[in-house]
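Enquirer: give the three-dimensional model of this entry:
(2 chains)
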Amino acid sequence: AQTVTQSQPEMSVQEAETVTLSCTYDTSESDYYLFWYKQPPSRQMILVIRQEAYKQQNATENRFSVNFQKAAKSFSLKISDSQLGDAAMYFCAYRRGAQKLVFGQGTRLTINP
Amino acid sequence: GAGVSQTPSNKVTEKGKYVELRCDPISGHTALYWYRQSLGQGPEFLIYFQGTGAADDSGLPNDRFFAVRPEGSVSTLKIQRTERGDSAVYLCASSFPSGGQNTGELFFGEGSRLTVL
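Expert: Residues are numbered from 1 along each chain as shown, chains lettered A, B, ... in the order given. Purely as a prediction, here's the structure:
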């Protein structure tokens, strides 16, 4: 079974600085998706960034970028120029095809003004 | 509607009672997923529908939990004889079918918080 591991329960960063959240996963498949979702106190999961495993180029969305290491099964999220609105729980997730999304345990990110 | 809608937003019930949680997915999304999220944890998969049928119900914890999607749109998660351990946020998500417009992303509702006293 696929598993997703986030080894950092909590992280904090100064406003305007850069922070990296770690994620590793386990799968025997070669074609899949990886995601980072953000969950603010409102509870709704919001997609931050997605990566297709067959693409070697790391995905980027404005201040958010990933470091995708397929052989190492690692998928870290880098947030540049951190803003107060980035404070939330961040979940790494794996999905193959139309199957279920498998989540990690989450990392609580605090932004210090 | 524009997004995934879940009702009720909050539900407080007594141990042993029956509850229903409703999910209205994004129009055109044939896949629908239910997850359960305990405080401070990542969401845990419960069940996934493709159209009207349950394609994977391996996450349902026991036979007190049941879900339906009779017309391939709205889904209802039903919990019988509720226990205090059922207290959690129940999240619903939907997505396009495989291929085509499917970017792999699941679109989530705001969840229903269930509290069993």
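Enquirer: list the contacts for the residue nearest in space to the middle of chain B?
Expert: In chain B, the centroid-proximal residue (C-alpha atoms, centre = their mean) is B:Trp34; its distance is 3.0 Å. Shown in contact with B:Trp34 (C-beta atoms under 8 Å, 6 or more residues apart in numbering or on different chains): B:23, B:45-48, B:67, B:75, B:77, B:90-92. Bear in mind the C-beta positions are built from the backbone N, C-alpha and C, glycine included.
Enquirer: okay, now residue 53: neighbour count?
Expert: Picked chain A for this. By other C-beta atoms under 10 Å in any protein chain shown, 17 other residues sit near A:Ala53.
Enquirer: meant chain B actually
Expert: By other C-beta under 10 Å, the residues close to B:Gly53 number 9.
Enquirer: in contact with it, which residues?
Expert: B:Arg69.
Enquirer: at 10 Å instead, please
Expert: By C-beta atoms under 10 Å, 6 or more residues apart in numbering or on different chains, the contact set of B:Gly53 is B:69, B:72.
Enquirer: restrict the contacts of B:Trp34 to those near chain A?
Expert: Counting by C-beta under 10 Å from any C-beta of the partner chain, B:45-48, B:91 from those sit close to chain A.
Enquirer: just the closest of the residues you listed to A:Gln69, please.
Expert: Among those, B:Phe45 lies closest to A:Gln69 (C-beta to C-beta), at 25.6 Å.
Enquirer: now do the contacts for the closest residue to the closest one other than its chain neighbours.
Expert: Nearest residue to B:Phe45, sequence neighbours excluded (C-beta to C-beta, 6 or more residues apart in numbering or on different chains): B:Gly59, at 4.1 Å. Taking C-beta under 10 Å, 6+ apart, we find B:Gly59 in contact with A:100, B:33-36, B:44-48, B:65.
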